[in-house]
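*Asks:* could you work out the structure for the sequence below:
(one chain, ligands or ions: 1)
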Amino acid sequence: MQHNKVLILDFGSQYTQLIARRVRELNIYCEIHPFNKIPLDLDSFKAVVLSGSPISVRGKAVLHPDLSQIRGKKPLLAVCYGAQYLAHFSGGEVAESNTREYGRAHLNFIKEGEEFFRGITKGSQVWMSHSDTIKQLPSKGVLLASTHDVENAAYKIEGENTYAIQFHPEVYHSSDGKQLLENFLVHIAEVEQDWTPASFVEETVDTLKEQLGDDKVVLGLSGGVDSSVAAMLLHKAIGKNLYCIFVNNGLLRKNEFVDVLEQYEGMGLNVKGVDASARFLDALEGKSDPEEKRKAIGRVFIEVFDDEAHLIKDVQWLAQGTIYPDVIESVSATGGPSATIKSHHNVGGLPDFMKLKVVEPLKALFKDEVRRVGASMDMDKKLLGRHPFPGPGLAIRILGDLTREKVRILQEVDAIFINNLRTWNLYDSVWQAGAILLPVNSVGVMGDERTYEKCVALRAVESTDGMTADWVNLPYEFLQKTSNEIINKVKGVNRVVYDISSKPPATIEWE
Ligand code: XMP
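*Replies:* Modelled structure (predicted):
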């Protein structure tokens, strides 16, 4: 079945992915493409959205694609930069604004009887983030809404299905943003809302059956949401021809290898647990640099996985739990490649020498959609709600060099922290949590004895995608009880601190 599709042309805004999420929340399928790469199958898209951008239409580096295949031919919604772009290049005027236009504003004028503003009334809160402003509308522009500071906050083009807005409907702070997107997409562009987790499962399973036939597929399970949901979809499609491998790298959480393996077996998956802890820990010996640790783990993982995959006779496919944010070709506003902060996804890309064809059933989905798809297949809520956990595991939470004893200590501390979050019903409101073993000893006193032992940091953050994050304001009483329990129960630790740094400037992991 061909879904109704919406095209989002990305001009590099930090919010572009949010537009896609909001559109998907309306059960409409959409794709993000760079502004200068209009897809060849443009005919299959029923409507187009232009994103915002950090760039000014007045600058030398203006992003100026040819939209002649789209403009006036398909319903078009231009957001922020998009709205300025249409004005600037079609007879209007864009100038630097005199007042700062960031954050909250309210629509104090809305043209009556407009389908675009169906169900939205005067006073509606919108979110602004721009330093240029539209002084004059483009030719055939009709004013639709204003705020106190921004007269041309929304307009349409007479005789076309083209709408433009200066504010951001995709952010939650625009209180009627979703309604506005629905008005445009559903009522004006008449895009059908036919994209649901259940329809996704049905179609994906059919496609996988067709694509894979009787072929054998190998998949590396990590215990996380993405690989587990990918495995379930493949299991539905090809059953026992799916061979799952779950590697214990010795850097998992306490009891995780056994617990998760049991859970996978309970789900009916054909899964082999491979305990390669010693191989990983040996390879890490003497390494204290974070990137060196990541590389060593990545290398051993590939070796172990490759050995195991070759034991499966005639395997032809490698399945991966890649999701949409990993594949979107992002537009760099400054033109240059972005700096490597950390080499993530070390276990994501397996090398070409494996000579396997790659199948990625989740590569069109966002994380929250992966969870919804998992839920629609009745997968365990606890598994679907698991916090993200990095591929190199506890290795990057033990700062500096790593020993088996340090892994043991951190596993104990982490288990207390995570169990307490669950007991206090805080686990689901935190995006990610974990403990970090610091490379310092500090003086303490236990009984009448002086101690000189390890210090651990606890970290709990809220986030939507891990790109930005803030520390969670955990209750004092929770921190107090958890800290006491850790110091009393974990031999070798005499001090606990709580990390109150946001990302940026800090990162979520300490290494
Ligand atoms: P940072 O520390 O960059 O982390 O703020 C953002 C998210 O990525 C995870 N992370 C990793 N995941 N391999 C992974 O698979 C890695 O090397 C790695 N480093 C960080 C981190 O846990 C957080 O969810």
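*Asks:* name the residue closest to the centre of this structure, please.
*Replies:* Closest to where the C-alpha atoms of the chain average out (CA atoms, centre = their mean) is D465, at 3.7 Å.
*Asks:* which element is that one on?
*Replies:* Assigned by DSSP states H and E, D465 falls within no helix or strand.
*Asks:* how far away is the nearest residue in space to it that is not next to it in sequence from G385?
*Replies:* Excluding its sequence neighbours, the residue lying closest to D465 (CB to CB, 6 or more residues apart in numbering) is P325, at 6.4 Å. (Each C-beta comes from the backbone N, C-alpha and C, glycine too.) P325 is 19 Å from G385, where distance means CB to CB, to the nearest Å.
*Asks:* neighbour-wise, which of the two wins?
*Replies:* Neighbours per residue (other CB atoms under 10 Å) separate P325 from G385, with P325 holding more: 16 against 13.
*Asks:* could I get the full set of helices for the stretch 201-350 of the chain?
*Replies:* For the stretch 201-350 of the chain, the helices defined by DSSP state H, counting those that start in this stretch occupy 225-238, 256-266, 277-284, 290-311, 324-327.
*Asks:* from N183, how far out is Q136?
*Replies:* 25 Å.
*Asks:* neighbour-wise, which of these two wins?
*Replies:* More crowded of Q136 and N183, by other CB under 10 Å: N183, with 22 against 15.
*Asks:* shouldn't the more buried one be within a strand?
*Replies:* No: N183: not assigned to a strand; according to DSSP: H, G, I helix; E, B strand; the rest coil it is helix.
*Asks:* I'd say it and F117 touch.
*Replies:* Yes: when contacts are counted by CB atoms under 8 Å, N183 is listed as touching F117 (7.0 Å).
*Asks:* residue contacts, I157?
*Replies:* Taking CB atoms under 8 Å, 6 or more residues apart in numbering, we find I157 in contact with G72, L86, S90, P138, K140, G141, V142, Y163, A164.
*Asks:* state the phi and psi torsions of it.
*Replies:* Per-residue torsions, I157: phi -110, psi 120 (degrees, to the nearest 10).
*Asks:* and it, what pLDDT?
*Replies:* For I157, the pLDDT comes out at 98.
*Asks:* neighbours around D215, how many?
*Replies:* Other residues within reach of D215, judged by other CB under 10 Å, total 14.
*Asks:* residue contacts, it?
*Replies:* I238, N241, Q316, W317.
*Asks:* and the first one, how close does it get to the ligand?
*Replies:* Just to be clear, that refers to I238. 26 Å (CB to the nearest ligand atom, to the nearest Å).
*Asks:* for the stretch 401-511 of the chain, which residues are neighbours of the ligand?
*Replies:* Contact residues, the stretch 401-511 of the chain versus the ligand (CB under 6 Å from any ligand atom): Q432, G466, K503, T507, I508, E509.
*Asks:* residues near the fourth one, how many?
*Replies:* For T507, the count of nearby residues is 13 (other CB under 10 Å).
*Asks:* now the residues of the stretch 401-511 of the chain next to the ligand: which count as buried?
*Replies:* Buried members of those, counted by 16 or more other CB atoms under 10 Å: Q432, G466, K503, I508, E509.
*Asks:* in strands only, show me those.
*Replies:* Applying DSSP state E to those, the entries found in strands are Q432.
*Asks:* where in the protein is pLDDT low?
*Replies:* For the chain, the stretches flagged by pLDDT under 70 are 1-2, 100, 328-353.
*Asks:* quickly find the element holding N441.
*Replies:* For N441, the element it lies in under DSSP H and E is strand 432-446.
*Asks:* which parts of that strand are buried?
*Replies:* Per 16+ other CB under 10 Å, strand 432-446 contains these buried residues: Q432, A433, G434, A435, I436, L437, L438.
*Asks:* what sits against the residue in the stretch 101-250 of the chain positioned nearest to the ligand?
*Replies:* Using CB to the nearest ligand atom, the single residue of the stretch 101-250 of the chain nearest to the ligand is S222, 8.3 Å away. With contacts defined as CB under 8 Å, 6+ apart, the neighbours of S222 are F246, G321, V347, F389, G391.
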